Each structure stands twice: as C-alpha cells, then as structure tokens.
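mind looking at a prediction? Sequence and model below.
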Protein chains: 2
Amino acid sequence: MAGSRIVVAQGGGPTAVINQSLVGVVLEARRFGNVERIYGAHHGVRGIIQEDFVDLTRETSHNLELVAATPGSALGSTRDKPDLKYCRQIFEVLRAHDVGHFFYIGGNDSSDTVRIVSEEAHKAAYPLRCIHIPKTIDNDLVANDHTPGFPSAARFVAQAFAGANLDNAALPGVYVAVVMGRNAGFLTAASALGKKFPDDGPHLIYLPERDFSLDAFLADVKAACDRHGRCVVAVSEGIHDASGRPVLAQLSQRLEHDAHGNLQLSGTGALADLLCEHIKAALGIKRVRGDTFGYLQRSFIGCVSDVDAREAREVGEKAVQFAMWGWQGEVADGSVAIKRTGFYSADYELLPLAAVAGKTRAMDDEFIAPSGTDVTDAFRMYLRPLLGSGMPDAYRLRPAPVPRVLRP
Amino acid sequence: MAGSRIVVAQGGGPTAVINQSLVGVVLEARRFGNVERIYGAHHGVRGIIQEDFVDLTRETSHNLELVAATPGSALGSTRDKPDLKYCRQIFEVLRAHDVGHFFYIGGNDSSDTVRIVSEEAHKAAYPLRCIHIPKTIDNDLVANDHTPGFPSAARFVAQAFAGANLDNAALPGVYVAVVMGRNAGFLTAASALGKKFPDDGPHLIYLPERDFSLDAFLADVKAACDRHGRCVVAVSEGIHDASGRPVLAQLSQRLEHDAHGNLQLSGTGALADLLCEHIKAALGIKRVRGDTFGYLQRSFIGCVSDVDAREAREVGEKAVQFAMWGWQGEVADGSVAIKRTGFYSADYELLPLAAVAGKTRAMDDEFIAPSGTDVTDAFRMYLRPLLGSGMPDAYRLRPAPVPRVLRP
C-alpha cells in the first residue's frame, strides 16, 4: 500500500486558476483519514529532488481559499524535464519521505514528466500513485475538451480585442496584436469572441494551424482596410511558413531555447514590430501599431472565468478521488481529463498517462473558416460557455446623421 | 445669446471612461429647455469642419447609458491640432448650424484646441461657449488633482503588475514591462500599487521625471536579483538620458512623429526588447522577458475604476451646468477641473482655458522616492482611492518547511 503522505507540485507556465487545482487537491485530501501529511514541492519536480517541501497540512483552509483565487503558481514552477537520472532522484526523495501519492499539475511537458516518473516507479517496484492534473493556457492537451487555464486566458484575449477594436475604431489604422500559443491557435482564435457587430475587429486571425505567407497577409490587410477603413489583426506567436519555419525565426539569430528544446517566442515584441514594418513599407499605411499581449494573458489579476475557476478546482478534487477510489472500478495512474456533457456542462475522467503525455492538440479543422483567417460558429459555440458569466459588452451610438448645411 | 444647439466631440487617445463624459454632457443638456439639438461630431474637430455630425438628441437614454459604460471614443477621435485656418472653418460650420455651445473632451492637445477656438470665436465676435472637459490616461493636465481616464488605466497597470509579479515569482528571472506616459510617470508609478508583500515586485520603477542611465539601471537590476533571486521592473516609455534624449530614440532612426510633433513611443515593443538585450548581455541572466503593455492600458474592456467612471460622468455634467449657469457668479469659457476635497471625495471647478491648455504636469517630487526608482507613501495615499472598489488581491502560502531527510 502506498505511503501516507501526498506530494503535490505545479509545473510549466502559471495560469489564472492553477492554484484552484492545488487547493482542490489539498482540501480534498484532508477528507481522507489515511493521509497523514500533504506536502507541496517548491518549483515543481525540482523541489522534490532538492527536498524543498512545504507542509500544506499546516495551512489554514481560509488562506488556502484565498490562494486558490490568486493567479500564478503558489508553490512556484519549473521548466525542468526529468530524465532517468532525475527520476531516480525523485524516487529516492519520495521513498525517504514515505510518499505514496504524487499529483503534478501541468501541461504537455508536465504530463510527460508524470509518465516517466510513473514508469520509473513501476520499474523500481515502488508503490507510487501518480496523477497528472491538466493545466495549460494553450489548450493543446489531447483527449480533453479543453484545459483549465485556457478559458481565463481566452477571456483576457477576447476582452483585450473587444477594447482594442474600440480604440482602433476611434483612431483608425492597422492594429496587430500577437497572442501566445506555440503550436495551437486556440488562444489567438479566442480574439474572435471580442467581436460583436459585423464590422468589428479582429478582421483577420492568423493561426499556427495554417501556413503563413507574407504576401497573402499584406493582401488581406489591404482588403480589410479598403472595406472598413481600418484593420485589427490577431496573430499567433507560432505562425510559420509552409516549411514549418517560425516567422519569428526569420527575423533574428539570437533566439533562446528552453530545456525542452522549445524556441522562445514570448517575452519579446519582435514579431509584432516586424509585421508592422512590413505593412508600413508595402501598403503605405501611416498609422500602424503593434502590441504583444505577452505574460498578461496568463497572469493578469482580475480576469478569471468563473467556469474555469470551478473546473480547475474540480480537476484537483477529482485527482484525489481517482487516486483513492479509482475510476470505473480500477485504481491506476493517469491523467484527469475534462469531458463536455452538455451546453454547458462538464464531467471528469481518468485517462492513461500515455494517452496524453507529450502529445499536442491543434485546433480542429471545423473551428477554422475556409479563408484560414477567421473562426467558425462551431468555434464560437465551443468557446463561449467557457468564458463564464459577466463578460463585458460593447455598445455603440446608432446612426442619426445631421444634414450638411454648407456643403449639402 | 448663444444658439440653441450644442456640439460635443472627443479628441486624443480614447480611455476606458471617456464615453461617460460624453453621456454626462448629453443627458445633462437634455434637462435644459433652451437646448434644441445635441450634435456629436465624428472624430473630434475634424468632424466639425467636415460637417459630419450625429444627432444625439435622437439617441435613447437607455443606449446612452450602455455606451457610457463602453471604453473607447464612441464618436471617434482625432489627432488634428487646429491652426487659425482650421479654426475659421470650425466657426463657419458652427455658425451655419446655429451652435452656441462647444464641449470638447480631451487632454493637453485638445485643451489647447479649445483655447484657440475660444479665442477665434471672441475675435470673430461669435457667441460660442467653449468648455474643455478633461481626459487623459497620462494624468498630465496641470491644475487638476487627477484626470478622468487615468484611474482606470492605473488600475489596469496595477493589476497587470500584481499578476506579473506572481508569474515572475513562480518562474524566477527578470521581467521588464514598459508602460505608457510620454512626459509624466504617473501611470508607470501606478505599478507600485500592485505590490502587497515587501518582497513583491515591481522592485524597480523608472520614470521620465528622472534621468535614465543604462549603467545605473543594470546595477539596480543586479542588486535586486542578488536580493530577491528575481526582478520585476516597470519602465516608462518616455525615459530619457540626462540630455533629454529618449532612450528609444537611441535605438532606431525610423521613428514616427504625429501631427503635434510628438515622437511615436507606443505601438512597438522595441524599448522593452532593447532593455532585455542589455540585461542578458551585461548580467548574464538567462531568463529575461520583456512586455509592452501597449494599447491594452487604455482600451481593455472590463477593468474600470468605479470612482473614475463616476467622476468622468460628473465632469461632463458639470461642463453643461457651468456653461449654462456659470461658476462662481460668472459665465465664461473654461476647463473643468477635478479638485480633491477629502479622503476620498472630489469636487469640480471651472478654470480659465489658458491655465490648462498646452501645459504638461509631471509627477510631484514628493511622490518619488529619493532612490528615483520607487514611489513614496504619499503617492500610494494619492492613488489608492482613485483605483476604486473591488481591487483584486494576491495571497500566498505561508512558510511551513518540511525537514530534509536525505540531506538534512
């Protein structure tokens, strides 16, 4: 039987609701009499190998609730991707602390970490229950309807574009905003949910699911300007040409890669600036402005979907229930997944780790318009309920023109 | 006696609450039986010379209330700065439409426009009551305690830094965010209101009121990293060296100027990228990220200070009352100004246009810490009530370390 201690940790990029999942684990685990201690590892798996634990059993439920409503990763996070040696260090520490349950909240890379740790535990015949709890603003976990963190980030992007569209309508020109999302365009596509009236922006949306061509881009922008006298554009940071080469990589040689071999796309305004320069040079448009939403998309305090917060809490709770009681009659390691059951309602299931780990989901074809620069109503139906209640709305004055007197 | 028609227009950059002022004018003017028509000019003074008016008398009060709560400039805006010829065109149109009251909602440049129009009206002996209604996220109008639009933008900046600080704490490194504000550092200084615990960021704040030195900046960042293991930096887009040359101007020759001769600082991520490259090169820190808050600061829908919304509404209402009934026994052209009367309470007065027009307010010395890279408690006392109710708050887990077993 597994030991009487639990370790929970947070990996990858923080989100607005990842602490809901943490607190879901902690408060749910308190219900189980066989749990002696609940440890939180600082900065993900790195905290485990460094034996850097905090005793969450000693935290008040009151403060845990307040932390749950706070964005960011309260335990700290890491970009480490454990190899075999790293995993053996993890076992050594977990065994020494009599840990029987390991809950890791994270995205693609973190789920792969859980898979490796789980496999190593089996090989070492160490009784460790390993559960991956989903989280990523990119929404790119396979076998999930969506992932906690994405709805709140999508809400931020939708609100940002709703406002940027109003700003651009007041002072017309071209506005280009770059949105996070390395391989999946979900977050960029969320910009469409900021649109209300038919002539509202974003007028063009560029996703990593479609090849990017600068010539087509410039022609699209020109056509939108001819039609609306202005143009609002949403661009994914992950756009690439037909050969798969990121557009940003064509710009600079001094590009960073993280421990997972991923190119650094965020934390720079270079892509927006590059596209704006091309528009100015090729189309001769004077007012061209570029923004890069950057880390605000995942960290802004005060823009949370209540649906997202609730689900993030529940995946944490369900992780503990699945670990203790199993799912569908079987107690096993796995990854908690969100399944849509109504419009709108969701339930949770436990998938084998291998079904999720290290795989990347892209946007479904049915979500992308044939033009390749817009979303479909199917996507709006998919995303709208996730954004939650109280979405701000934009109104405009209705036309009541006054006849000219001097130059009728 | 002035004509029975009113013209209202919006100039300069939109804000989250500028439509409150517009609707304040329109609904208040409806109370006066001598007002036959209320016209809105599309895109500021440009709409006047083009006779491009919308009849706001025909709009429902219900829709006006919804527009009031919508960010952006509902009538459209302009960067035009009228010269003498332009002003004569304005008279020609206003006279032809029997307009007796001109309300212009805007900042520095717009107040100067109102002053010129007012002077030209006097010279032409045309009975035109001209009232400037304050608005600017930069908070740089003289003789005002603060300006409508600034509190909501400040709230956005404070919330953005509160979240960015949590994100940076989870994945430590250096985070640099560039904030709007050409000559006044108020909005950048608002970043300090996102700070709760003593070791929270922003750890460093760079304002245009103090000369910027790259060497001092790098030394400051290094010291903060040595102390906290991470560093969050707020930088005004308007920072400049001791000779007054903008730091951004040292970067690029291809810089835009607007019709007022102002250098384009916003709509590019170049300054943040430049500073990040210097930090990486000089300090050898690996994780350095730069964001530029850009247009989100003034346009984000869903981040409004209720105090700001209320005051923006009132400056519009008071403008009409001052125009119709005068202020302190005198009916005259002027600029509505906000005066602080309590902690917290405000009232309104009418200043001569020349007292405000074209002048720029910088941050008071008492608001800036001796270090030059932080604000004072006086500034916190000044700003906090303006941010309004319901500010989101950040909580953290309290330390309860678990003893090490393997390497005690």
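Sure, I can see it. Only a predicted model underlies this, so the values are computations on that prediction, with no experimental measurement involved.

state the helix or strand in which whichever residue of the stretch 101-250 of chain A sits closest to chain B lies.
The nearest approach of the stretch 101-250 of chain A to chain B comes at A:Leu166, 2.9 Å away (Cβ to the nearest Cβ). No exception for glycine: its C-beta is placed from N, CA and C like everyone else's. Element membership of A:Leu166 [criterion: DSSP states H and E] is helix A:150-170.

can you give me how far stretch A:345-362 is from the chain middle?
Shown here is stretch A:345-362, whose average C-alpha point lies 15 Å from the average C-alpha point of the whole chain (Cα atoms, centre = their mean, to the nearest Å).

how long is it end to end?
Distance between the boundary residues of stretch A:345-362 (Cα to Cα, to the nearest Å) amounts to 23 Å.

show me where chain A has strands.
A:5-10, A:37-41, A:53-55, A:99-106, A:129-134, A:174-179, A:204-206, A:231-236, A:288-292, A:334-342, A:345-351 (DSSP state E).

using CSV, lay out these together with mean neighbour count and distance to chain B.
Formatted as CSV, the entries for the strands of chain A read as follows, by neighbours: other Cβ atoms under 10 Å in any protein chain shown; distance: least, Cβ to the nearest Cβ, whole Å:
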stretch, mean neighbour count, distance to chain B
strand A:5-10, 27, 8
strand A:37-41, 25, 6
strand A:53-55, 22, 4
strand A:99-106, 27, 11
strand A:129-134, 28, 16
strand A:174-179, 29, 7
strand A:204-206, 25, 17
strand A:231-236, 28, 11
strand A:288-292, 26, 3
strand A:334-342, 20, 21
strand A:345-351, 17, 24
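
can I get these in JSON lines with distance to A:Arg396 and mean pLDDT?
Converted to JSON lines, those look like this (distance: least, Cβ to Cβ, whole Å; pLDDT from 0 to 100):
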{"stretch": "strand A:5-10", "distance to A:Arg396": "42", "mean pLDDT": "98"}
{"stretch": "strand A:37-41", "distance to A:Arg396": "48", "mean pLDDT": "98"}
{"stretch": "strand A:53-55", "distance to A:Arg396": "51", "mean pLDDT": "98"}
{"stretch": "strand A:99-106", "distance to A:Arg396": "42", "mean pLDDT": "97"}
{"stretch": "strand A:129-134", "distance to A:Arg396": "39", "mean pLDDT": "97"}
{"stretch": "strand A:174-179", "distance to A:Arg396": "18", "mean pLDDT": "97"}
{"stretch": "strand A:204-206", "distance to A:Arg396": "21", "mean pLDDT": "98"}
{"stretch": "strand A:231-236", "distance to A:Arg396": "15", "mean pLDDT": "98"}
{"stretch": "strand A:288-292", "distance to A:Arg396": "21", "mean pLDDT": "95"}
{"stretch": "strand A:334-342", "distance to A:Arg396": "34", "mean pLDDT": "98"}
{"stretch": "strand A:345-351", "distance to A:Arg396": "34", "mean pLDDT": "98"}
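
distance to A:Val25 added to those strands, as JSON lines?
Listed next are the strands of chain A as JSON lines, based on distance: least, Cβ to Cβ, whole Å:
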{"stretch": "strand A:5-10", "distance to A:Val25": "5"}
{"stretch": "strand A:37-41", "distance to A:Val25": "8"}
{"stretch": "strand A:53-55", "distance to A:Val25": "14"}
{"stretch": "strand A:99-106", "distance to A:Val25": "5"}
{"stretch": "strand A:129-134", "distance to A:Val25": "7"}
{"stretch": "strand A:174-179", "distance to A:Val25": "30"}
{"stretch": "strand A:204-206", "distance to A:Val25": "36"}
{"stretch": "strand A:231-236", "distance to A:Val25": "32"}
{"stretch": "strand A:288-292", "distance to A:Val25": "34"}
{"stretch": "strand A:334-342", "distance to A:Val25": "11"}
{"stretch": "strand A:345-351", "distance to A:Val25": "13"}
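
can you get me a residue count around the residue in the stretch 251-400 of chain A that chain B sits nearest to?
Ranking the residues of the stretch 251-400 of chain A by distance to chain B (Cβ to the nearest Cβ) places A:Gly269 first, at 1.4 Å. Residues within reach of A:Gly269, counting by other Cβ atoms under 10 Å in any protein chain shown, total 26.

got the residues of the stretch 251-400 of chain A near chain B?
Where the stretch 251-400 of chain A comes near chain B, counting by Cβ under 8 Å from any Cβ of the partner chain, the residues are A:254, A:266-270, A:272-273, A:276-277, A:288-296, A:298-303, A:391-400.

list the contacts for A:Ala323?
The contact partners of A:Ala323, taken as Cβ atoms under 8 Å, 6 or more residues apart in numbering or on different chains, are A:101, A:103, A:129, A:131, A:331.

equivalent analysis for A:Ser371, please.
Applying Cβ under 8 Å, 6+ apart, we find A:Ser371 in contact with no residue.
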